[in-house]
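> Any chance you can model this:
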Amino acid sequence: MKVFKFLTIVGVISLALVSFSTLVQEEWKVPAKYETMKNPIDANKDAAIGKSLFTKHCKSCHGAEGYGDGPKASEMKGDLGDFSSKDFQAQSDGALFYKTSIGRNDMPEYTKKIPNDEDRWLIVNYIRTLAE
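Sure, this is the predicted structure:
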């Protein structure tokens, strides 16, 4: 009987740990090449285009203010991030460009939908305006 109790407890703990590990999102590793990449587009250049591209491609999931509360957000499995947060804004422009371009999991790759690198840099510039 003690063996059964022990195995039951171990089983419950194991199940809890597995469940918890699926809730914690894996760190999004950005290659060093992108981490140090500098944004070639002046932050004040074509701001309206950056906002328009964000509205068209990003707002449905990330929300108008970048809080991760867009209409499609509830369909997503991972953390959509809060673009206004200090932690999010602490990322390099190159890291944001990489994530915007390459994507992962629910975040689609945008190199085909937005093939022009300059347009994706404009989105990065717009995301910077969402800081708290």
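> Name the SS class of Phe97, please.
Recorded secondary structure, Phe97: helix (DSSP: H, G, I helix; E, B strand; the rest coil).
> now swap in Thr55 and tell me
helix.
> measure it to Asp87 for me?
24 Å (CB to CB, to the nearest Å). The way it works is simple: take the backbone N, C-alpha and C, and place the C-beta from them, glycine included.
> the more surrounded of those two?
Between Thr55 and Asp87, Thr55 has the larger neighbour count (other CB atoms under 10 Å), namely 12 against 8.
> out of everything not next to it in sequence, what's closest to the more buried one?
Ala64 (7.7 Å; CB to CB, 6 or more residues apart in numbering).
> same check, this time on Phe88
Gly81 (5.4 Å).
> Identify each of the helices in this protein and give its residue range.
Remark: helices assigned in the chain by DSSP state H are 2-23, 32-35, 47-57, 59-62, 86-89, 93-102, 117-128.
> got a list of what the closest residue to Lys51 other than its chain neighbours touches?
Leaving out its chain neighbours, the residue that sits closest to Lys51 by CB to CB, 6+ apart is Tyr126, at 5.1 Å. Contact analysis of Tyr126 by CB atoms under 8 Å, 6 or more residues apart in numbering lists Ala47, Gly50, Lys51, Leu53, Phe54.
> could I get the residues you listed as a markdown table with neighbour count?
Formatted as a markdown table, these follow (neighbours: other CB atoms under 10 Å):
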| residue | neighbour count |
| --- | --- |
| Ala47 | 14 |
| Gly50 | 23 |
| Lys51 | 16 |
| Leu53 | 22 |
| Phe54 | 23 |
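> can these go into a markdown table with extra columns for distance to Glu27 and pLDDT?
Shown next, in a markdown table, are the contacts of Tyr126 (distance: CB to CB, whole Å; pLDDT from 0 to 100):
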| residue | distance to Glu27 | pLDDT |
| --- | --- | --- |
| Ala47 | 31 | 92 |
| Gly50 | 27 | 96 |
| Lys51 | 29 | 97 |
| Leu53 | 27 | 97 |
| Phe54 | 24 | 97 |
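> Looking at these, spot the one nearest Glu109.
Leu53 (15.3 Å; CB to CB).
> Surely that closest one is in contact with Val124?
No: Leu53 is beyond contact range of Val124, at 10.3 Å (criterion: CB atoms under 8 Å).
> Cool, thanks, signing off.
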